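A.B. asks: I'd like to go over a predicted model; first the sequence, then the structure.
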Amino acid sequence: MANNVYSTIKFVSGNKEAEDAFIEVFQWIEDSGETGLEFSHILPEDDYADAEFMEWNIGPRVANLTKFMGTEVEITSAWITPINFFHILAEDLSRYDHDVQLTMTYVDEFYNFAGVYWWTDDLLNQKEESGGWFKLEHDAIDGDPSELPDYITDEIEKWGVEACD
C-alpha cells in the first residue's frame, strides 16, 4: 500500500473571477460524480488518464478530492503531492488575475516530510522539511510527543500564511 500524502489547497487572494474559477474546478469534479483530480476540466483532454497523463498533469498516479469547502479543498494522493496539478491550477487562475495567490500545504501520513507550496507573482515556491527536522524543533521547545502531529500541521499552516504576506 502506498503512503498517503494529505494536501490542502487554499485560494488565498485574487479577484472574483479567479475565485469563481477556483471553485468551478473542484465543483466540476464533484458534479461529475468523481473524486480524481484527473477529471478536472482544466487539464488536457485525454480518453484515458494513464500513468504518463497522471505524472505530467497531476504528479502522483492517484490523487482524490476528499473535501471541498469552497475556496479550500483537501486532497489525498499516493506517495507525493499533486504538485503538477497545483501548478496547472495556478497558471489557469493567473489568466483571471496575475496577482492570484494560492497555497498547498501537505504532510506525509508517516510524517516523513511536510511543507507548503505557494503561488505568488506568477511564481511557484516551496518550503519543505523532513519529519526528523520537525521532531528536533518540537523537542527544542520541550513539546509533548503526543502533540507532534498538531505541531507539524500548525507549522506548515503558518508557513503558508507567511508566504503570502
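C.D. replies: Perfect, thanks for sending it.

A.B. asks: Do a quick rundown of the helices in this structure.
C.D. replies: 16-31, 51-57, 83-94, 131-140, 148-163 (DSSP state H).

A.B. asks: Show me what the second one is packed against.
C.D. replies: In other words, helix 51-57. Other helices and strands packing on helix 51-57, by 3 or more C-beta pairs under 8 Å, 6 or more residues apart in numbering; DSSP states H and E, are helix 83-94. In short, each C-beta sits where N, CA and C put it, glycine included.

A.B. asks: Using neighbour counts, pick out the buried residues of the helix it packs on.
C.D. replies: Residues of helix 83-94 classed as buried by neighbour count (16 or more other C-beta atoms under 10 Å): 83, 84, 85, 86, 87, 88, 89, 90, 92, 93, 94.

A.B. asks: again with stretch 148-165
C.D. replies: 148, 151, 152, 155, 156, 159, 160, 163.

A.B. asks: what residues are up against the second one?
C.D. replies: The one in question is residue 151. Contacts for residue 151 (C-beta atoms under 8 Å, 6 or more residues apart in numbering) come out as 134, 137, 138, 143.

A.B. asks: Equivalent analysis for the fifth one, please.
C.D. replies: Contact criterion C-beta under 8 Å, 6+ apart gives 105, 106, 107, 114, 115, 116 as the residues in contact with residue 156.

A.B. asks: Kindly recompute the last result at 6 Å.
C.D. replies: 105, 114, 116 (C-beta atoms under 6 Å, 6 or more residues apart in numbering).

A.B. asks: if you look at those, which of them are in strands?
C.D. replies: Mapping these onto strands (DSSP state E) picks out 105, 114, 116.

A.B. asks: residue at max distance from the center of the chain?
C.D. replies: Relative to the mean C-alpha coordinate of the chain, counting by C-alpha atoms, centre = their mean, the farthest residue is residue 142 (30.0 Å).

A.B. asks: quick one: it from residue 151, how far?
C.D. replies: Residue 142 is 12 Å from residue 151, where distance means C-beta to C-beta, to the nearest Å.

A.B. asks: Noted, bye for now.
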